[in-house]
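Q: what shape does this take:
(2 chains)
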Amino acid sequence: MKGITIDQARDHIGEGITLRGWLYNKRSSGKILFLQIRDGTGTIQGVITEPEKPDLFSRAEGLARETSLIVTGRLREEVRAPSGCELEVDEISVVHEPTDPFPIELKEQTPGFLMDHRHLWIRTGRQVPILRIRDAVFRAFREFFHERGFVATEAPIITGTSVEGTTTLFSLDYFGEPAYLSQSGQLYLEATAMALGKVYWIGPVFRAEKSKTRKHVTEFWMGEAEMAYFDHNANLNLQEDLVSHIVDAVTKERRDELGRLDRDVDRLREEVKGPFPRLDYAEAVKILQDEGHEISFGDDLGAPEETSLGERFGKPVFVERFPISMKPFYMKRDGKDPTRVLAADLIAPDGYGEIIGGSQRVDTVEELVSQLKERGLPLEPYEWYIDLRRYGSAPHSGFGMGLARVIAWICGVPHIREVIPFPRQIHRLYP
RNA sequence: UCCGCGGUAGCUCAAUUGGCAGAGCGCUCGGCUGUUAACCGAAUGGUUGGAGGUUCGAGUCCUCCCCGCGGAGCCA
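A: Purely as a prediction, here's the structure:
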């Protein structure tokens, strides 16, 4: 019998097939039994009637949820079935029967309980489509850069220096020397870009901030790119194309999954039609003040301010040219106004916050050293980084994208912990 | 770290002024030939987060601690 996966079922109507999967749920009504079978690609309903197959019926009747099984039967079109086609079951071979009732119920459960059982929760309902969409986002990200001649590369996870002196780092003991888990691969990608031209990577980064919000975790995967000979505007153009490409690819490839999450795909596609508004920081502050926000020039945009800008434009919005004091040492000053830097944040709609932070980088030794000194940072851990400005320095730009936030936004799920297989949060290290 | 809400059966939640500890779901058993988180009936299930205290009597009031959830700040 031909082995297929559930997502291929529609192409095999009328044929006898075999599925390998798990029992998601079952329902019965006297002499007819319905089995919801899942295999990671989808779910399908199997049906068994008692008068026709009494032995099979009584064996199947006793199966617990999440029994792993191999099912053989014939596929047929069936409008009464949830997925439109149905499997007439001929044989069930039980691979393993659960020893205890499956803890994740098909009713509402609290986040704390679900997170304690994350290893089982990911088998159910919304979680499977979300993780498949995550895969599609990662792939679309890589595809985008590969097609444009970027080189995939890596930055170290264990580092001796921080990227931004201010942020909290996880520290560890490196053979007796202090070391840190990377909070960004950026500085290393700048070096690699000077070797390879245009580079990108996706890697884990770590923030020891005690954040407790729906957009923060302590470990997350960042997609970063760094481009030699790209100025600020070229950087923003690339980011805009990237976001459009990801949404386009994912909404085409995973339309069914997005539908199962009740995401309005047409609205999402409409939102990312370019160009994205580009607000000068001063302009953004003015707009927010006019809307009644308590913000003055020099303040960071808080969560309510970001949400407000997203609502106003109904699409991703760039805020650019921030005051230099607000931003880290590696950002290049704006030639037209040296109190500002050539940086931009991309804010997602619907309150998902900043999804990209990027800038044109400092490219002279003088400016870099003076920026480091102004922030009270030591020079010697950054000597290698300063070297990049000593030997054939070139204008260059780059950015980092918080992939979990992008996925949460695309999925329309409220909390990023749901789009990460095993999220790490303050006070959550299990499972 | 700060602010707010919460912790009662395996899960989700009730419990009036301080007065016998309850329901739905799940598991088990029985019924039902088209179920969609099926439905109907029965049975099972408790150190009320922990430690002290007040009281004839505490799930309920007081003190301290632990844990969870939401938000802020910080950031992607």
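Q: which ones are touching the residue in the stretch 1-150 of chain A that RNA strand B sits nearest to?
A: Residue nearest to RNA strand B within the stretch 1-150 of chain A: residue A:30 (1.8 Å; CB to the nearest atom of the strand). No exception for glycine: its C-beta is placed from N, CA and C like everyone else's. Listed by CB atoms under 8 Å, 6 or more residues apart in numbering, the contact set of residue A:30 reads residue A:50.
Q: quick check on it: phi, psi?
A: Main-chain dihedrals, residue A:30, degrees, to the nearest 10: phi 70, psi -100.
Q: how about the one 4 residues further on?
A: Dihedral angles of residue A:34 (phi, psi; degrees, to the nearest 10) stand at phi -110, psi 130.
Q: neighbours around it, how many?
A: Neighbour count for residue A:34, taken as other CB atoms under 10 Å: 17.
Q: kindly report the same for residue A:242.
A: So residue A:242, with other CB under 10 Å, has 23 neighbours.
Q: now swap in residue A:375 and tell me
A: Neighbours of residue A:375 (other CB under 10 Å): 13.
Q: do residue A:319 as well
A: Counted with other CB under 10 Å, residue A:319 comes out at 23.
Q: which ones are touching the nearest residue to residue A:205 once chain neighbours are set aside?
A: Leaving aside its chain neighbours, residue A:205 sits nearest to residue A:222 (4.9 Å; criterion: CB to CB, 6 or more residues apart in numbering). Residue A:222 sits next to A:184, A:185, A:202, A:203, A:204, A:205, A:400, A:401, A:402, A:403 when contact means CB under 8 Å, 6+ apart.
Q: so the residue lying closest to the second one once chain neighbours are set aside, which of the three states?
A: Nearest residue to residue A:185, sequence neighbours excluded (CB to CB, 6+ apart): residue A:155, at 2.9 Å. Under DSSP: H, G, I helix; E, B strand; the rest coil, the three-state class of residue A:155 is coil.
Q: isn't residue A:155 right up against residue A:203?
A: Yes: the criterion here is CB atoms under 8 Å, and residue A:155 meets it with residue A:203 at 6.2 Å.
Q: and those two? which has more neighbours close in?
A: residue A:155 (23 against 17).
Q: which ones are touching the more buried one?
A: A:182, A:185, A:186, A:187, A:188, A:189, A:192, A:201, A:203, A:224.
Q: pLDDT at residue A:108, what is it?
A: Note for residue A:108: predicted pLDDT of 85.
Q: for residue A:160, same thing?
A: 81.
Q: give me the nearest residue to it, chain neighbours excluded.
A: residue A:179 (5.8 Å).
Q: now do the same contact list for the one you found.
A: Counting by CB under 8 Å, 6+ apart, residue A:179 touches A:158, A:159, A:160, A:171, A:172, A:173.
Q: quick check: which element contains it?
A: Element membership of residue A:179, judged by DSSP states H and E, is strand A:177-181.
Q: now swap in residue A:409 and tell me
A: helix A:403-411.
Q: now for that helix, which elements pack on it?
A: Here helix A:403-411 touches helix A:127-147, strand A:219-228, helix A:232-253, strand A:343-348, strand A:353-360, going by 3 or more CB pairs under 8 Å, 6 or more residues apart in numbering; DSSP states H and E.
Q: to residue A:384, which of those lies closest?
A: strand A:219-228 (15.4 Å; CB to CB).
Q: tell me how far residue A:317 lies from residue A:356.
A: 11 Å (CB to CB, to the nearest Å).
Q: what touches both of the two?
A: By CB under 8 Å, 6+ apart, the residues touching both residue A:317 and residue A:356 are residue A:346.
Q: so for the two, which residue has more residues nearby?
A: Higher neighbour count among residue A:317 and residue A:356: residue A:356, with 26 against 21, using other CB under 10 Å.
Q: dump the residue contacts of the more buried one.
A: With CB under 8 Å, 6+ apart, residue A:356 has these contacts: A:239, A:243, A:344, A:345, A:346, A:399, A:400, A:401, A:402.
Q: before we move on, what about residue A:234?
A: Residues near residue A:234 by CB under 8 Å, 6+ apart: A:227, A:397.
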